[in-house]
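# Please work out how this folds:
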Amino acid sequence: MNQLGKVTRELDVARGPDVQLRITVQSSWFGQRIALCLPRNLNCAACSGGGCDRCGRAGALSMFERGTPPRSVELALPRLTDDAREICIRVPHEGALDEQGGVEGRGHLLLTVCPGAGSDEGVMLCAERSEDAERALLMRRSIIMAVLLIALFFGMLKLSGWL
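Okay, here's the model as predicted:
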């Protein structure tokens, strides 16, 4: 219960403006991780690009300064249900900066993902870790933990005078 409270509490803190983006992703990529290269300017989520006080009546917000490399976001797409035409994913802290130059932090990215035959430019499927690589990583971590526990055990024996 505490963990869920932590997740929702972080969404309600003061932050910069939320932005929205609509992309098309190949249907077979749902249920996997994708990387998305964000465009420099995105529509303001408060007015859907129409212009409001939040975006200074511009309708769009800059995600990064001119001349700096584009921002990219990596996220996991949920599996696609048979009746889904599109899904909207809230990506915390990937929106625009606040007017004070980032004092409050970034807003959220409201990403609408539409299934299609192909994917938009800037959307890439992330390399999937193989089961063998994951198993090897787990084995290394297990060995390290075992060595640390043995060292701790002998350290406690030495401190207590048994060694």
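
# hey, what's Glu74 bridged with?
Beta bridges link Glu74 to Ala35, judged by DSSP bridges.

# distance of it from Trp162?
Going from Glu74 to Trp162 by CB to CB, to the nearest Å gives 50 Å. For glycine as for every other residue, the C-beta is placed from the backbone atoms N, C-alpha and C.

# Compare those two and say which is more crowded by neighbours.
Between Glu74 and Trp162, Glu74 has the larger neighbour count (other CB atoms under 10 Å), namely 11 against 8.

# What residue spans form the domains of the protein?
2-125, 129-163 (automatic domain parsing).

# what about the shortest one, average pLDDT?
In other words, domain 129-163. Domain 129-163 shows an average pLDDT of 83 in the prediction.

# Buried ones in it, by neighbour count?
Neighbour counts over domain 129-163 (16 or more other CB atoms under 10 Å) mark no residue as buried.

# ok so Ala146 is a strand residue?
No - counting by DSSP: H, G, I helix; E, B strand; the rest coil, Ala146 falls outside a strand, being helix.

# which residues does it contact?
Not one residue lies near Ala146 by CB atoms under 8 Å, 6 or more residues apart in numbering.

# how about stretch 43-50: buried residues?
Buried residues in stretch 43-50 (16+ other CB under 10 Å): 43-47, 49.

# and that stretch, how far out from the chain's middle?
21 Å (CA atoms, centre = their mean, to the nearest Å).

# Figure out the length between the terminal residues of that stretch.
From its first residue to its last, stretch 43-50 covers 9 Å (CA to CA, to the nearest Å).

# Quick check on Glu94: phi, psi?
phi -120, psi 20 (degrees, to the nearest 10).

# That one - nearest residue in space that isn't next to it in sequence?
Using CB to CB, 6 or more residues apart in numbering and skipping the chain neighbours, the partner closest in space to Glu94 is Leu109 (4.0 Å).

# Tell me how many other residues surround that neighbour.
25.

# Any figure for the gap between it and Phe64?
From Leu109 across to Phe64, the span is 13 Å (CB to CB).

# thought Leu110 was touching Arg90?
Yes - with contacts defined as CB atoms under 8 Å, Leu110 counts as touching Arg90 at a distance of 5.9 Å.
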